[in-house]
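**Student:** Build the 3D model from these lines:
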Amino acid sequence: MNELRRESPYPMVSIDEAQQLITAHCAPLGVEPTSSLHADGRVLAEDVFASDNIPDVPKSAMDGYALRAADGLSPRRVLAELTAGGSGTVRVEAGTAVRIMTGAPIPPGADAMIQVELTEEHNGVLQIEREVPPGFNIHTVGQDIAAGQLVLARGTTLGAAEVGLLATVGVSSISVFRRPRVAVLATGDEVVEPDAPREVGGVRDSNRYALLAAAREAGCEVVSLGIARDDYGLQREAILRGLEGADVLLTSGGVSMGTRDLIKPILAELGQVHFGRIAFKPGKPTTFASVGGKLVFGLPGYPASSLVSFEVFVRPALRRMQGDTRPERPLVQVRLLEPIKPSPDRPEYQRITIFWQDGQLVARSTGGQGSSRLMSLHGANGLLLVPAGTAVYPVGAELGALLVGSLVV
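**Tutor:** Below is the predicted model of the structure:
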(Lines give C-alpha, C1' and ligand atoms only; values in the text may rest on other atoms or scores of the structure.)
Protein backbone atom coordinates (compact mmCIF):
# COMPACT_ATOMS: atom_id res chain seq x y z
CA MET A 1 0.00 0.00 0.00
CA ASN A 2 1.42 3.39 -0.98
CA GLU A 3 1.92 5.82 1.86
CA LEU A 4 0.15 9.15 1.42
CA ARG A 5 2.41 12.18 1.29
CA ARG A 6 1.88 14.40 4.34
CA GLU A 7 4.21 17.25 3.34
CA SER A 8 4.39 19.20 0.14
CA PRO A 9 7.58 18.65 -1.88
CA TYR A 10 7.56 22.37 -2.70
CA PRO A 11 9.20 24.80 -0.27
CA MET A 12 7.12 27.72 0.90
CA VAL A 13 8.16 30.96 -0.81
CA SER A 14 7.40 34.49 0.32
CA ILE A 15 5.18 36.86 -1.62
CA ASP A 16 8.24 38.81 -2.79
CA GLU A 17 10.04 35.64 -3.88
CA ALA A 18 7.00 34.47 -5.83
CA GLN A 19 6.63 37.82 -7.58
CA GLN A 20 10.33 37.91 -8.45
CA LEU A 21 10.22 34.39 -9.91
CA ILE A 22 7.22 35.28 -12.05
CA THR A 23 8.78 38.55 -13.23
CA ALA A 24 11.96 36.72 -14.24
CA HIS A 25 9.91 34.62 -16.67
CA CYS A 26 7.83 37.48 -18.10
CA ALA A 27 8.72 39.49 -21.17
CA PRO A 28 6.65 41.52 -23.60
CA LEU A 29 5.25 39.48 -26.45
CA GLY A 30 5.74 40.35 -30.10
CA VAL A 31 4.78 43.64 -31.73
CA GLU A 32 1.98 44.09 -34.25
CA PRO A 33 0.55 47.03 -36.21
CA THR A 34 -2.96 48.30 -35.53
CA SER A 35 -5.15 51.27 -36.31
CA SER A 36 -4.40 54.04 -33.84
CA LEU A 37 -8.04 55.12 -34.09
CA HIS A 38 -9.20 51.86 -32.51
CA ALA A 39 -6.23 51.16 -30.23
CA ASP A 40 -7.80 51.97 -26.86
CA GLY A 41 -6.61 49.52 -24.22
CA ARG A 42 -3.49 48.55 -26.16
CA VAL A 43 0.09 49.25 -25.06
CA LEU A 44 2.27 51.31 -27.38
CA ALA A 45 5.40 49.59 -28.70
CA GLU A 46 7.06 52.67 -30.18
CA ASP A 47 7.71 56.30 -29.36
CA VAL A 48 5.43 58.71 -31.23
CA PHE A 49 6.76 62.16 -32.20
CA ALA A 50 4.88 65.10 -33.68
CA SER A 51 5.76 65.93 -37.27
CA ASP A 52 4.13 69.38 -37.21
CA ASN A 53 3.43 72.25 -34.86
CA ILE A 54 -0.06 72.33 -33.36
CA PRO A 55 -1.47 74.80 -34.00
CA ASP A 56 0.45 75.29 -37.22
CA VAL A 57 -0.48 79.01 -37.42
CA PRO A 58 -1.62 81.55 -34.80
CA LYS A 59 -5.33 80.95 -34.08
CA SER A 60 -8.15 82.63 -32.25
CA ALA A 61 -8.82 81.24 -28.76
CA MET A 62 -12.52 82.19 -28.85
CA ASP A 63 -15.21 84.04 -30.78
CA GLY A 64 -14.56 87.78 -31.12
CA TYR A 65 -12.51 90.19 -33.19
CA ALA A 66 -8.92 90.12 -34.43
CA LEU A 67 -7.31 93.54 -34.19
CA ARG A 68 -4.17 95.59 -33.60
CA ALA A 69 -3.42 96.12 -29.90
CA ALA A 70 -1.76 99.48 -30.64
CA ASP A 71 -5.09 101.00 -31.71
CA GLY A 72 -6.19 101.08 -28.08
CA LEU A 73 -9.85 101.97 -27.51
CA SER A 74 -10.31 103.67 -30.88
CA PRO A 75 -13.30 102.53 -32.98
CA ARG A 76 -12.44 100.08 -35.76
CA ARG A 77 -14.04 99.35 -39.08
CA VAL A 78 -14.96 95.63 -39.42
CA LEU A 79 -13.55 94.34 -42.71
CA ALA A 80 -14.78 90.74 -42.86
CA GLU A 81 -15.59 87.57 -40.95
CA LEU A 82 -13.25 84.57 -40.64
CA THR A 83 -14.40 81.09 -39.65
CA ALA A 84 -12.33 78.13 -38.47
CA GLY A 85 -12.77 76.25 -41.70
CA GLY A 86 -12.89 79.21 -44.05
CA SER A 87 -10.22 80.99 -46.01
CA GLY A 88 -9.55 84.66 -46.63
CA THR A 89 -6.80 87.11 -47.57
CA VAL A 90 -7.96 90.08 -45.57
CA ARG A 91 -5.26 92.11 -43.80
CA VAL A 92 -5.85 94.08 -40.61
CA GLU A 93 -4.52 97.64 -40.86
CA ALA A 94 -4.65 100.50 -38.37
CA GLY A 95 -8.26 101.32 -37.43
CA THR A 96 -9.68 98.02 -38.69
CA ALA A 97 -10.68 94.65 -37.25
CA VAL A 98 -11.96 91.29 -38.45
CA ARG A 99 -14.79 89.32 -36.92
CA ILE A 100 -13.32 85.88 -36.10
CA MET A 101 -14.54 82.53 -34.83
CA THR A 102 -12.87 80.15 -32.40
CA GLY A 103 -10.02 78.27 -34.06
CA ALA A 104 -9.77 80.51 -37.11
CA PRO A 105 -6.28 81.66 -38.19
CA ILE A 106 -5.35 85.15 -37.04
CA PRO A 107 -5.19 87.36 -40.18
CA PRO A 108 -2.03 89.24 -41.16
CA GLY A 109 -1.59 92.54 -39.37
CA ALA A 110 -3.56 91.50 -36.27
CA ASP A 111 -1.63 90.78 -33.07
CA ALA A 112 -4.49 90.28 -30.59
CA MET A 113 -8.13 89.29 -30.37
CA ILE A 114 -10.88 90.33 -28.02
CA GLN A 115 -13.81 88.15 -27.03
CA VAL A 116 -17.21 89.19 -28.31
CA GLU A 117 -18.52 89.79 -24.77
CA LEU A 118 -16.25 92.84 -24.44
CA THR A 119 -17.38 94.50 -27.68
CA GLU A 120 -20.22 96.23 -29.45
CA GLU A 121 -20.64 96.40 -33.23
CA HIS A 122 -23.01 98.82 -34.98
CA ASN A 123 -23.21 99.41 -38.72
CA GLY A 124 -19.84 97.74 -39.28
CA VAL A 125 -18.01 99.74 -36.62
CA LEU A 126 -16.47 97.97 -33.61
CA GLN A 127 -16.16 99.53 -30.19
CA ILE A 128 -14.22 97.63 -27.46
CA GLU A 129 -14.68 98.02 -23.71
CA ARG A 130 -11.01 97.79 -22.75
CA GLU A 131 -7.57 97.71 -24.27
CA VAL A 132 -5.89 94.36 -24.88
CA PRO A 133 -2.14 93.58 -24.99
CA PRO A 134 -0.37 91.98 -27.96
CA GLY A 135 -0.91 88.21 -28.05
CA PHE A 136 -4.16 88.43 -26.11
CA ASN A 137 -6.43 85.39 -26.72
CA ILE A 138 -4.16 84.00 -29.45
CA HIS A 139 -3.04 80.41 -29.55
CA THR A 140 0.58 80.56 -30.72
CA VAL A 141 2.32 78.22 -33.15
CA GLY A 142 3.26 74.94 -31.40
CA GLN A 143 1.50 76.00 -28.21
CA ASP A 144 -0.23 72.61 -27.82
CA ILE A 145 2.39 70.38 -29.45
CA ALA A 146 5.73 71.37 -30.96
CA ALA A 147 7.16 69.75 -34.07
CA GLY A 148 9.55 66.96 -33.05
CA GLN A 149 8.07 66.70 -29.55
CA LEU A 150 7.65 63.25 -27.97
CA VAL A 151 3.88 62.88 -27.82
CA LEU A 152 3.55 59.34 -26.44
CA ALA A 153 6.27 57.05 -25.10
CA ARG A 154 6.70 53.35 -25.69
CA GLY A 155 4.92 51.42 -22.97
CA THR A 156 2.00 53.85 -22.68
CA THR A 157 -1.41 52.26 -22.23
CA LEU A 158 -3.71 53.96 -24.70
CA GLY A 159 -6.95 55.50 -23.49
CA ALA A 160 -9.36 58.04 -24.92
CA ALA A 161 -6.94 60.97 -24.58
CA GLU A 162 -4.09 59.03 -26.19
CA VAL A 163 -6.24 57.93 -29.14
CA GLY A 164 -7.18 61.58 -29.57
CA LEU A 165 -3.53 62.64 -29.49
CA LEU A 166 -2.60 60.11 -32.16
CA ALA A 167 -5.38 61.44 -34.37
CA THR A 168 -4.26 65.02 -33.65
CA VAL A 169 -0.71 64.39 -34.88
CA GLY A 170 -1.92 62.48 -37.93
CA VAL A 171 -0.77 58.99 -36.87
CA SER A 172 -3.33 56.49 -38.11
CA SER A 173 -1.30 53.28 -37.70
CA ILE A 174 0.93 52.35 -34.76
CA SER A 175 2.88 49.43 -33.37
CA VAL A 176 1.49 47.86 -30.21
CA PHE A 177 2.48 44.88 -28.11
CA ARG A 178 0.54 41.73 -28.78
CA ARG A 179 -2.09 40.87 -26.21
CA PRO A 180 -1.52 37.59 -24.35
CA ARG A 181 -3.90 34.79 -25.19
CA VAL A 182 -5.01 33.22 -21.92
CA ALA A 183 -6.63 29.79 -21.65
CA VAL A 184 -8.61 28.93 -18.51
CA LEU A 185 -9.30 25.39 -17.31
CA ALA A 186 -11.50 24.33 -14.40
CA THR A 187 -10.87 20.98 -12.70
CA GLY A 188 -12.77 18.71 -10.36
CA ASP A 189 -15.37 15.92 -10.38
CA GLU A 190 -17.70 18.10 -8.32
CA VAL A 191 -17.63 21.08 -10.71
CA VAL A 192 -20.53 21.65 -13.11
CA GLU A 193 -21.51 24.38 -15.55
CA PRO A 194 -23.59 27.15 -13.96
CA ASP A 195 -26.71 26.15 -15.94
CA ALA A 196 -26.29 22.38 -15.54
CA PRO A 197 -28.11 20.16 -13.00
CA ARG A 198 -26.17 20.05 -9.72
CA GLU A 199 -25.96 16.97 -7.55
CA VAL A 200 -25.86 17.30 -3.77
CA GLY A 201 -22.41 18.62 -2.89
CA GLY A 202 -21.73 19.77 -6.43
CA VAL A 203 -20.18 23.16 -7.17
CA ARG A 204 -21.16 25.50 -9.98
CA ASP A 205 -18.11 26.64 -11.95
CA SER A 206 -17.70 30.26 -10.94
CA ASN A 207 -13.89 30.34 -11.01
CA ARG A 208 -13.43 29.77 -14.74
CA TYR A 209 -15.87 32.49 -15.70
CA ALA A 210 -14.50 34.91 -13.10
CA LEU A 211 -10.93 34.30 -14.30
CA LEU A 212 -11.94 34.71 -17.94
CA ALA A 213 -13.50 38.06 -17.03
CA ALA A 214 -10.44 39.08 -15.00
CA ALA A 215 -8.10 38.22 -17.88
CA ARG A 216 -10.25 40.19 -20.32
CA GLU A 217 -10.22 43.15 -17.94
CA ALA A 218 -6.41 42.89 -17.87
CA GLY A 219 -6.39 43.37 -21.65
CA CYS A 220 -6.01 39.76 -22.78
CA GLU A 221 -7.68 37.53 -25.33
CA VAL A 222 -9.23 34.50 -23.64
CA VAL A 223 -10.30 30.97 -24.42
CA SER A 224 -12.28 28.62 -22.20
CA LEU A 225 -11.09 25.03 -21.92
CA GLY A 226 -14.14 23.81 -20.02
CA ILE A 227 -13.99 21.44 -17.06
CA ALA A 228 -11.53 18.55 -16.71
CA ARG A 229 -12.50 15.75 -14.36
CA ASP A 230 -10.10 14.43 -11.72
CA ASP A 231 -8.28 12.12 -14.10
CA TYR A 232 -4.55 12.43 -14.81
CA GLY A 233 -4.90 11.73 -18.51
CA LEU A 234 -7.85 14.05 -19.04
CA GLN A 235 -6.24 16.93 -17.22
CA ARG A 236 -2.91 16.39 -18.94
CA GLU A 237 -4.58 16.44 -22.34
CA ALA A 238 -6.52 19.59 -21.47
CA ILE A 239 -3.36 21.36 -20.27
CA LEU A 240 -1.51 20.49 -23.47
CA ARG A 241 -4.46 21.62 -25.56
CA GLY A 242 -4.54 24.92 -23.72
CA LEU A 243 -0.81 25.51 -24.07
CA GLU A 244 -0.92 24.75 -27.78
CA GLY A 245 -3.15 27.72 -28.50
CA ALA A 246 -2.34 30.17 -25.71
CA ASP A 247 0.53 32.12 -24.19
CA VAL A 248 -0.65 31.59 -20.61
CA LEU A 249 -2.70 28.85 -18.98
CA LEU A 250 -4.72 29.34 -15.81
CA THR A 251 -6.08 26.32 -13.99
CA SER A 252 -8.58 26.35 -11.15
CA GLY A 253 -8.45 23.73 -8.40
CA GLY A 254 -6.35 20.61 -8.02
CA VAL A 255 -3.28 22.27 -6.48
CA SER A 256 -3.59 21.21 -2.83
CA MET A 257 -2.47 17.99 -1.12
CA GLY A 258 -5.35 15.62 -1.82
CA THR A 259 -5.08 12.41 -3.82
CA ARG A 260 -7.05 14.08 -6.62
CA ASP A 261 -4.93 17.20 -6.76
CA LEU A 262 -3.16 16.43 -10.03
CA ILE A 263 -2.11 19.79 -11.46
CA LYS A 264 1.33 20.00 -9.81
CA PRO A 265 2.42 16.45 -10.81
CA ILE A 266 1.28 17.05 -14.40
CA LEU A 267 3.13 20.36 -14.63
CA ALA A 268 6.25 18.80 -13.12
CA GLU A 269 6.11 16.09 -15.79
CA LEU A 270 5.55 18.53 -18.66
CA GLY A 271 7.81 21.37 -17.61
CA GLN A 272 9.25 23.07 -14.54
CA VAL A 273 7.37 24.06 -11.41
CA HIS A 274 9.00 27.24 -10.10
CA PHE A 275 7.02 27.29 -6.88
CA GLY A 276 4.11 25.33 -5.47
CA ARG A 277 3.29 27.17 -2.25
CA ILE A 278 3.26 30.80 -1.15
CA ALA A 279 3.28 32.12 2.40
CA PHE A 280 0.19 34.26 1.96
CA LYS A 281 -3.54 34.13 2.53
CA PRO A 282 -5.83 33.34 0.80
CA GLY A 283 -4.18 31.12 -1.79
CA LYS A 284 -1.27 29.26 -0.21
CA PRO A 285 -1.20 26.44 -2.81
CA THR A 286 -0.92 28.86 -5.76
CA THR A 287 1.49 27.33 -8.27
CA PHE A 288 3.64 28.80 -11.03
CA ALA A 289 5.27 26.74 -13.78
CA SER A 290 6.60 27.03 -17.31
CA VAL A 291 6.07 24.49 -20.05
CA GLY A 292 7.85 24.93 -23.36
CA GLY A 293 8.19 28.67 -22.84
CA LYS A 294 4.53 29.10 -21.91
CA LEU A 295 3.47 30.25 -18.42
CA VAL A 296 1.08 28.27 -16.24
CA PHE A 297 -0.59 29.44 -13.04
CA GLY A 298 -2.29 26.80 -10.94
CA LEU A 299 -4.81 28.70 -8.86
CA PRO A 300 -6.74 27.39 -5.85
CA GLY A 301 -10.26 26.07 -6.15
CA TYR A 302 -11.78 28.34 -3.52
CA PRO A 303 -13.29 31.35 -5.35
CA ALA A 304 -11.87 34.13 -3.17
CA SER A 305 -8.44 32.49 -3.15
CA SER A 306 -8.52 32.13 -6.92
CA LEU A 307 -9.31 35.79 -7.66
CA VAL A 308 -7.03 37.23 -4.98
CA SER A 309 -4.16 35.09 -6.30
CA PHE A 310 -4.94 36.33 -9.80
CA GLU A 311 -4.79 39.96 -8.66
CA VAL A 312 -1.56 39.61 -6.72
CA PHE A 313 0.43 37.32 -9.02
CA VAL A 314 -1.20 36.76 -12.42
CA ARG A 315 -2.48 40.17 -13.45
CA PRO A 316 0.91 41.94 -13.15
CA ALA A 317 2.45 39.18 -15.30
CA LEU A 318 -0.22 39.57 -17.98
CA ARG A 319 0.28 43.33 -18.04
CA ARG A 320 4.07 42.91 -18.35
CA MET A 321 3.59 40.52 -21.27
CA GLN A 322 1.72 43.22 -23.17
CA GLY A 323 4.43 45.81 -22.55
CA ASP A 324 2.86 47.75 -19.67
CA THR A 325 5.64 49.67 -17.90
CA ARG A 326 3.47 50.06 -14.77
CA PRO A 327 1.86 46.62 -14.41
CA GLU A 328 1.19 46.76 -10.67
CA ARG A 329 -1.99 48.02 -9.07
CA PRO A 330 -1.53 51.31 -7.17
CA LEU A 331 -0.43 50.87 -3.53
CA VAL A 332 -2.11 53.35 -1.17
CA GLN A 333 -2.19 53.94 2.58
CA VAL A 334 -5.60 53.63 4.24
CA ARG A 335 -6.91 54.33 7.72
CA LEU A 336 -8.99 51.55 9.25
CA LEU A 337 -12.59 52.28 10.20
CA GLU A 338 -12.89 49.01 12.13
CA PRO A 339 -10.52 46.60 13.87
CA ILE A 340 -8.70 44.14 11.59
CA LYS A 341 -7.59 40.76 12.88
CA PRO A 342 -4.45 39.36 11.19
CA SER A 343 -3.67 35.76 10.37
CA PRO A 344 -1.15 34.41 12.90
CA ASP A 345 1.11 32.65 10.40
CA ARG A 346 0.81 34.32 6.99
CA PRO A 347 0.43 37.79 5.49
CA GLU A 348 -3.13 38.24 4.30
CA TYR A 349 -4.83 40.22 1.55
CA GLN A 350 -8.17 41.13 3.08
CA ARG A 351 -10.93 42.45 0.85
CA ILE A 352 -11.98 46.02 1.63
CA THR A 353 -13.89 49.03 0.38
CA ILE A 354 -11.76 52.19 0.10
CA PHE A 355 -13.20 55.69 0.04
CA TRP A 356 -12.42 59.30 0.98
CA GLN A 357 -13.37 60.61 4.40
CA ASP A 358 -12.21 63.92 5.86
CA GLY A 359 -9.51 64.25 3.21
CA GLN A 360 -8.03 60.80 3.83
CA LEU A 361 -8.39 57.35 2.31
CA VAL A 362 -10.22 55.06 4.71
CA ALA A 363 -11.12 51.39 4.50
CA ARG A 364 -13.90 49.13 5.67
CA SER A 365 -13.91 45.31 5.50
CA THR A 366 -16.32 43.57 3.14
CA GLY A 367 -17.16 41.07 5.86
CA GLY A 368 -16.12 37.47 6.35
CA GLN A 369 -12.78 36.74 4.72
CA GLY A 370 -13.11 32.99 4.18
CA SER A 371 -11.40 31.60 1.09
CA SER A 372 -14.68 30.22 -0.24
CA ARG A 373 -16.66 33.44 0.26
CA LEU A 374 -16.82 35.11 -3.14
CA MET A 375 -19.12 37.74 -1.64
CA SER A 376 -16.03 39.18 0.07
CA LEU A 377 -14.93 40.42 -3.36
CA HIS A 378 -18.29 41.83 -4.36
CA GLY A 379 -18.00 45.59 -4.04
CA ALA A 380 -14.36 45.39 -2.96
CA ASN A 381 -12.08 47.95 -4.57
CA GLY A 382 -9.03 47.19 -2.46
CA LEU A 383 -6.90 44.41 -1.00
CA LEU A 384 -5.60 45.29 2.46
CA LEU A 385 -2.06 44.02 3.14
CA VAL A 386 -2.25 42.66 6.68
CA PRO A 387 1.08 41.37 8.08
CA ALA A 388 1.01 38.12 10.02
CA GLY A 389 0.68 38.46 13.77
CA THR A 390 -1.55 38.13 16.79
CA ALA A 391 -2.26 41.76 17.71
CA VAL A 392 -5.47 43.22 16.30
CA TYR A 393 -5.04 46.40 14.26
CA PRO A 394 -7.27 49.01 15.96
CA VAL A 395 -9.55 51.61 14.46
CA GLY A 396 -7.41 54.44 13.11
CA ALA A 397 -4.39 52.27 12.32
CA GLU A 398 -2.90 52.67 8.86
CA LEU A 399 -1.99 49.86 6.48
CA GLY A 400 -1.07 49.55 2.82
CA ALA A 401 -3.65 48.41 0.29
CA LEU A 402 -3.77 47.57 -3.40
CA LEU A 403 -6.34 49.71 -5.17
CA VAL A 404 -8.03 47.28 -7.56
CA GLY A 405 -11.07 49.34 -8.53
CA SER A 406 -12.51 52.83 -8.59
CA LEU A 407 -12.77 54.75 -5.34
CA VAL A 408 -16.19 54.68 -3.74
CA VAL A 409 -17.80 58.11 -3.56
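**Student:** For the chain, which segments are assigned as helices?
**Tutor:** 15-24, 160-168, 207-217, 232-245, 263-270, 303-309, 315-321 (DSSP state H).
**Student:** Domain map for the protein?
**Tutor:** 15-30+178-321, 33-52+154-176, 59-139, 331-403 (automatic domain parsing).
**Student:** Name the stretch among those that sits most buried.
**Tutor:** domain 15-30+178-321 (a mean of 19; mean count of other CB atoms under 10 Å). Bear in mind the C-beta positions are built from the backbone N, C-alpha and C, glycine included.
**Student:** List of residues touching the longest strand along the chain?
**Tutor:** Longest strand of the chain, by residue count under DSSP state E: strand 348-357. Residues outside strand 348-357 that contact it (CB atoms under 8 Å, 6 or more residues apart in numbering): 280-282, 304, 308, 311-312, 332, 334, 337, 340, 342, 361-366, 369, 376-377, 379-386, 388, 401-403, 407-409.
**Student:** Redo the domains of the chain as a markdown table? Include mean pLDDT and distance to residue 8.
**Tutor:** Below are those laid out as a markdown table (pLDDT from 0 to 100; distance: least, CB to CB, whole Å):
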| stretch | mean pLDDT | distance to residue 8 |
| --- | --- | --- |
| domain 15-30+178-321 | 93 | 6 |
| domain 33-52+154-176 | 96 | 37 |
| domain 59-139 | 95 | 66 |
| domain 331-403 | 93 | 15 |
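**Student:** okay if I get those as a markdown table plus distance to residue 148?
**Tutor:** As requested, those are exported to a markdown table (distance: least, CB to CB, whole Å):
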| stretch | distance to residue 148 |
| --- | --- |
| domain 15-30+178-321 | 27 |
| domain 33-52+154-176 | 6 |
| domain 59-139 | 19 |
| domain 331-403 | 36 |
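**Student:** Looking at these, which is nearest to residue 9?
**Tutor:** domain 15-30+178-321 (7.4 Å; CB to CB).
**Student:** Can you give me the end-to-end span of that closest one?
**Tutor:** End-to-end distance for domain 15-30+178-321: 20 Å, by CA to CA, to the nearest Å.
**Student:** so how far is that domain off the chain centroid?
**Tutor:** 21 Å (CA atoms, centre = their mean, to the nearest Å).
**Student:** do stretch 363-376 as well
**Tutor:** So, by CA atoms, centre = their mean, the centroid of stretch 363-376 is 24 Å from its chain's centroid.
**Student:** Need the contact partners of it.
**Tutor:** Outside stretch 363-376, the residues touching it (CB under 8 Å, 6+ apart) are 206, 210, 281-283, 300, 302-305, 307, 334-338, 340, 348, 350-354, 377-380, 382, 384, 399, 401.
**Student:** Look up which residues are beta-bridged to residue 400.
**Tutor:** Taking DSSP bridges as the rule, residue 400 bridges to residue 333.
**Student:** follow-up on the earlier one: dump the helices of the chain into JSON lines; add distance to residue 42 as well.
**Tutor:** Putting those into JSON lines (distance: least, CB to CB, whole Å) gives the following:
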{"stretch": "helix 15-24", "distance to residue 42": "22"}
{"stretch": "helix 160-168", "distance to residue 42": "10"}
{"stretch": "helix 207-217", "distance to residue 42": "14"}
{"stretch": "helix 232-245", "distance to residue 42": "21"}
{"stretch": "helix 263-270", "distance to residue 42": "31"}
{"stretch": "helix 303-309", "distance to residue 42": "25"}
{"stretch": "helix 315-321", "distance to residue 42": "12"}
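**Student:** between those, which gets nearest to residue 32?
**Tutor:** helix 315-321 (13.5 Å).
**Student:** can you tell me which residues contact the residue sitting furthest away from the middle of the chain?
**Tutor:** What lies farthest from the middle of the chain is residue 123; by CA atoms, centre = their mean that is 57.6 Å. Shown in contact with residue 123 (CB under 8 Å, 6+ apart): no residues.
**Student:** Would you check how far apart it and residue 71 are?
**Tutor:** Look at residue 123 and residue 71: by CB to CB, to the nearest Å, they are 19 Å apart.
**Student:** same deal with residue 323?
**Tutor:** Counting by CB to CB, the gap from residue 323 to residue 71 is 56 Å.
**Student:** now swap in residue 16 and tell me
**Tutor:** Distance from residue 16 to residue 71, by CB to CB: 70 Å.
**Student:** can you tell me which residues contact residue 109?
**Tutor:** 68, 91-93.
**Student:** from those, which is closest to residue 224?
**Tutor:** The closest of the contacts of residue 109, once distances to residue 224 are taken by CB to CB, is residue 92, at 67.3 Å.
**Student:** so who does the residue nearest the centre of the chain touch?
**Tutor:** With distances taken as CA atoms, centre = their mean, residue 218 lies nearest the centre of the chain, 6.7 Å away. By CB under 8 Å, 6+ apart, residue 218 lies in contact with 315, 318-319.
**Student:** Same question for residue 34.
**Tutor:** Residue 34 makes contact with 42, 173-176 under the criterion CB under 8 Å, 6+ apart.
**Student:** and the gap between it and residue 248?
**Tutor:** Counting by CB to CB, the gap from residue 34 to residue 248 is 21 Å.
**Student:** Also residue 390?
**Tutor:** From residue 390 across to residue 248, the span is 38 Å (CB to CB).
**Student:** Please apply the same query to residue 298.
**Tutor:** 12 Å.
**Student:** cool, residue 98 as well?
**Tutor:** Residue 98 is 61 Å from residue 248, by CB to CB.
**Student:** now do residue 303
**Tutor:** Distance from residue 303 to residue 248, by CB to CB: 20 Å.
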